[in-house]
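Enquirer: Here's my sequence, what's the structure:
(chains A, B and C)
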Amino acid sequence: MDEKTLRNIIEEVMKEFGAGSGGGTATAVMTAPSVSSASGTLKISEAAPAERGTNPREVVIALAPGFGGRMTSTITGVDHGEVLREVCAGIEEQGLTYRFIRVFRTADVGFIAHEAAKLSGSGIGIGIQSRGTTVIHQKDLPPLSNLELFSQAPLIDLETFRAIGENAAKYAKSESPSPVPVRNDQMARPRYQAIAALWHIKETQLCDPNKKTATLRVEYR
Amino acid sequence: MKSKRFEALDARPVNKDGFVTEWPEVGLIAMNGPNDPQPSIRIQNGKVVELDGKSRDEFDMIDTFIADYGIKLDNAEAVNAMDSLELARKLVDINVPRAEVVKLTTAMTPAKICEVIGKMTVLEMMMSVTKMRARKSPANQAHVTNLKDNPVQIAADAAEASLRGFAELETTVGIARYAPFNAIALMVGAQVGRPGILTQCAVEEATELNLGMRGFTAYAETVSVYGTEPVFMDGDDTPWSKAFLASCYASRGLKMRFTSGTGSEVQMGYAEGKSMLYLEARCLYITKAAGSQGIQNGSVSCVGVPAAVPGGIRAILAENLIATALDLECASSNDQTFTHSDLRRVARSLMQFVPGTDFICSGYSATPNYDNMFAGSNWDADDYDDWIIIQRDLKVDGGLVPVLEEDVTRVRNKAAKVIQAVFRELGLTEISDEEVEAATYARGSQDMPNRNVVEDIKAAEDLLKRGLTGVDIVKALAKSGFEDVATSVYGMLRQRVAGDYLHTSAILTDKFEVISAVNQPNDYNGPQTGYQISDEKWEQLKTIRQAISPENV
Amino acid sequence: MESEELIRQIMDEVMKNLAKDQVSFAKKPAGANGSAGSVSAANYPLGEKMPEKIKSATGKVLSDFSVDKVISGQLTAEDFRIAPETLELQAQVAESVGRDTLARNMRRAAELIKVPDDELLQVYNSLRPYRSTKAELYGIADGLESKYGCTVNAAFIREAADVYEKRGRLKAD
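Expert: Below is the predicted model:
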């Protein structure tokens, strides 16, 4: 990707953000219609800079720079809109609320999830990369540790995303859930690793080390 | 119309692998990249003022660290001015001793060593690895993990792996909070199989150090370093924090090696347009600069990236060679799946198997790959007989020995019983007789009953809070009547007081004698020198259960 | 320019300190610990060839160690810690076979033996990127130096702080 293409992407993204920004705050986003039952195509817009929440019954979901923006589906083609529906449904089932943020400083899923946890009123956050790699994090753990890590993106299906939402909510309620069963496919690497690298290179090209984490408005149109 | 020949070819396993074309601008190129710097070094008043085309004011963190600590400066300008082809010849030449080569390589810059190695074929690199490996005798390492983090299975698999000849065992977790259980089960199981096996538990850096301090592990390996500054940051460290961590391990009498590998920078999205091998060379000079005795390298978990580009497997051998040439212990990967093709995976491993490295695999999966929590190894438990027979075919010591089924079930059963007793004595969760029985005969976790994961995790966290250490395990073993295993675990703890195994390429015999590059340096200088398979060893390697002898016909 | 000057100055100090330490270590007689002056690869493995001269951090002699003493409680977890003098001997062994950087690491490690586990982990975490301000890192260095006499490590941490500042890797306020 050359500089010009990158510039175009950034301009486009900025325009998108401009169109959707209605000065939303954390509360405004939470009163938006439920993501799990929304229909239509995912539309994500950037609102105010993210702040630390005080609601102990919330889970913060942090998205990598490209998720639901420049990239629209995971490495195996699962639609990003569907991913968020399932995660949110899992959280709602447990009677908790959620809030979305986007991290720009890094595309590393450990740091993204840790940022979510640090800003979450419950101290529990979820980080999701565009390719699908996901982490459930807790604010007091080191950034590259985790409560649960789903490192093999090609193996994470919608059912797993729902279970991830559920478990994150349970941790937020100070329960000790059984971790979502880990999947392992030793042939995922030969098939996907080089492609996953291309994916990640594109995501890191969307990073901005100086840009503060933002609250997101997540809609389906 | 479709060619039937191509139809058949398309259906071959190799065509399930992912391949990509080179993309040098983002670093998707194995070695000799068009944007790699030209080698250069300028020294003023004993200080490097220019390194590989950058002046000191342009240095990033990594350049600074390498320039200040990583290169032997006395001779650096002269060595870097030498013809790279002549230097490449010295690396291969059996008449140039290892010690002389080390004086040259440790004075080179990262770009220089890449230029030198870039002149060699894989055959020449293999010759050179035979000479440059630090320890005289090769060895091997195994992964011992499972999908359920089942500690009984870990103990049994560790015992079997030790019996089969691995010198080091490594575990990791599916669920991070299981780490203390996995570490303890691995250590105890390993000592049942063969006293003196070194064990480690690969988890987040600070947690890994904590497990070592408590005496649940003997060494650490996943101390990762990276070749560009942004990737180092995403790895949540700096050269200084990693060097400090290296000293923390040594201060507790724990063996430690760094980890790096080609492809990690491009995989993490910040290769700065440099080739994979050049960035890996930077990692190796950081490793040297930090004072780590060794490295695990050979692309490791990023192998799918170099394996997808032209010359990638050659670059992996090249990085192993650079590690040995810098006088570092080299645990040479061969530990991650990278292909669907059995032919490709053997061809890739012969590069280290034939010349021999300090640990040919780092590691070989001691379980079927479905249980390998490093996302699958290039070799697994189902390949044990293949590995042993390839050793026998080529008369190569690849670190494993043939074993009998009755011996394997015996040590597995004992390890399971021992971990059952340890858990009981330490007030951890219960291990049932049914689990002991299952672990004795299991192939993998599909043959194991499920455990109460929530209770296990609570007990594992509680164990840390209670401040349990290796000493408590020795006592628990003795109290439950396993004095022999107590003595072996004690033998491991004793090592950390003397610190002999902190030296390059150290492993332990079954009598807890240290073998390292200090007392057993590689002295290869042509046929019939260096490591030779003894008659006794050859007898052992020859004797496989499958062979039919004339008396039986 | 100013920070470069500072780095240079500190580097000079570090180098001097390192050199001083090596000299003073080498000059150390039979040792506070009763260990045998200077050693080389010929004495290695020390634990096998001279266990009567190797002591733990708690001062117990390695040749007196036994599993029975662990079981009876005479030896505790604290006794299985390496002593600074032993690491110095191992550093000399490393130097005798040309491994200077390994020796330097062992000498840094020798200083850190006294630092309690929790504190050591804290220092390590503070050295990770974006964790500390420059003043915090300097404070940690001062603490290690005054509390535990870790002069080499203190200089190393100050040097890190300066490099982090230059590269924008300090904690943002």
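Enquirer: Could you use CA atoms for every contact and neighbour count after this?
Expert: OK.
Enquirer: Distance-wise, check B:Met120 relative to chain C.
Expert: 27 Å (CA to the nearest CA, to the nearest Å).
Enquirer: which stretch of helix or strand covers that residue?
Expert: For B:Met120, there is no helix or strand it lies in under DSSP states H and E.
Enquirer: Torsion angles phi and psi at the most centrally placed residue in chain A?
Expert: Centroid check for chain A by CA atoms, centre = their mean gives A:Leu63 as the closest residue, at 3.0 Å. Per-residue torsions, A:Leu63: phi -110, psi 140 (degrees, to the nearest 10).
Enquirer: Give the bridge partners for it, please.
Expert: A:Arg102, A:Ile128 (DSSP bridges).
Enquirer: Is it in contact with A:Val103, as I believe?
Expert: Yes - with contact defined as CA atoms under 8 Å, A:Leu63 reaches A:Val103; the gap is 6.4 Å.
Enquirer: Now the common contact residues for the two.
Expert: A:Ile112 (CA atoms under 8 Å, 6 or more residues apart in numbering or on different chains).
Enquirer: Most proximal residue of the stretch 351-500 of chain B with respect to chain A?
Expert: B:Gly376 (4.4 Å; CA to the nearest CA).
Enquirer: I'd like to know how far that residue sits from C:Arg167.
Expert: Going from B:Gly376 to C:Arg167 by CA to CA, to the nearest Å gives 37 Å.
Enquirer: list the contacts for residue 102?
Expert: Chain wasn't specified; assuming chain A. By CA under 8 Å, 6+ apart, the neighbours of A:Arg102 are A:62-65, A:213-216.
Enquirer: my question was about chain C
Expert: Going by CA under 8 Å, 6+ apart, the list of residues near C:Leu102 reads B:288, B:290-293, C:91, C:94.
Enquirer: could those residues be laid out in TSV, adding secondary structure, distance to chain A and pLDDT?
Expert: Compiled in TSV, these are given as follows (DSSP: H, G, I helix; E, B strand; the rest coil; distance: CA to the nearest CA, whole Å; pLDDT from 0 to 100):
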residue	secondary structure	distance to chain A	pLDDT
B:Lys288	helix	25	98
B:Ala290	helix	22	98
B:Gly291	coil	24	98
B:Ser292	coil	22	98
B:Gln293	coil	25	98
C:Ala91	helix	32	98
C:Ala94	helix	33	98
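Enquirer: who wins for neighbours among those?
Expert: Among these, B:Ser292 has the most neighbours (other CA atoms under 10 Å in any protein chain shown), with 32 neighbours.
Enquirer: thinking that residue is in contact with C:Asn105, fair?
Expert: Yes - under the criterion of CA under 8 Å, B:Ser292 makes contact with C:Asn105 at 7.4 Å.
Enquirer: overlap in contacts of those two?
Expert: With CA under 8 Å, 6+ apart as the test, B:Ser292 and C:Asn105 both reach B:243, B:246.
Enquirer: pLDDT wise, what is A:Thr5 at?
Expert: According to the prediction, A:Thr5 has pLDDT 53.
Enquirer: try C:Glu13
Expert: 49.
Enquirer: Repeat that for the one 10 residues further on.
Expert: Per-residue confidence at C:Val23 stands at 36 (pLDDT).
Enquirer: which stretches of chain C have low pLDDT?
Expert: C:1-37, C:173 (pLDDT under 70).
Enquirer: Domain-wise, how is it divided?
Expert: In the domain annotation for chain C, the residue ranges read C:1-27+C:114-173, C:31-113 (automatic domain parsing).
Enquirer: Can you pull the residues of chain A lying near chain B?
Expert: When proximity is defined by CA under 8 Å from any CA of the partner chain, chain A lies next to chain B at A:106, A:108, A:111, A:143-149, A:176-179, A:182-187, A:189-198, A:200-205.
Enquirer: taking the residues you listed one by one, which sit in strands?
Expert: A:148-149 (DSSP state E).
Enquirer: Filter the residues of chain A next to chain B down to the buried ones and hand me the PyMOL line.
Expert: In PyMOL syntax, the buried subset of those is picked out as below (16 or more other CA atoms under 10 Å in any protein chain shown):
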select buried, chain A and resi 106+108+111+143+144+145+146+147+148+149+179+182+183+184+185+186+187+189+190+191+192+193+194+195+196+197+198+200+201+202+203+204+205
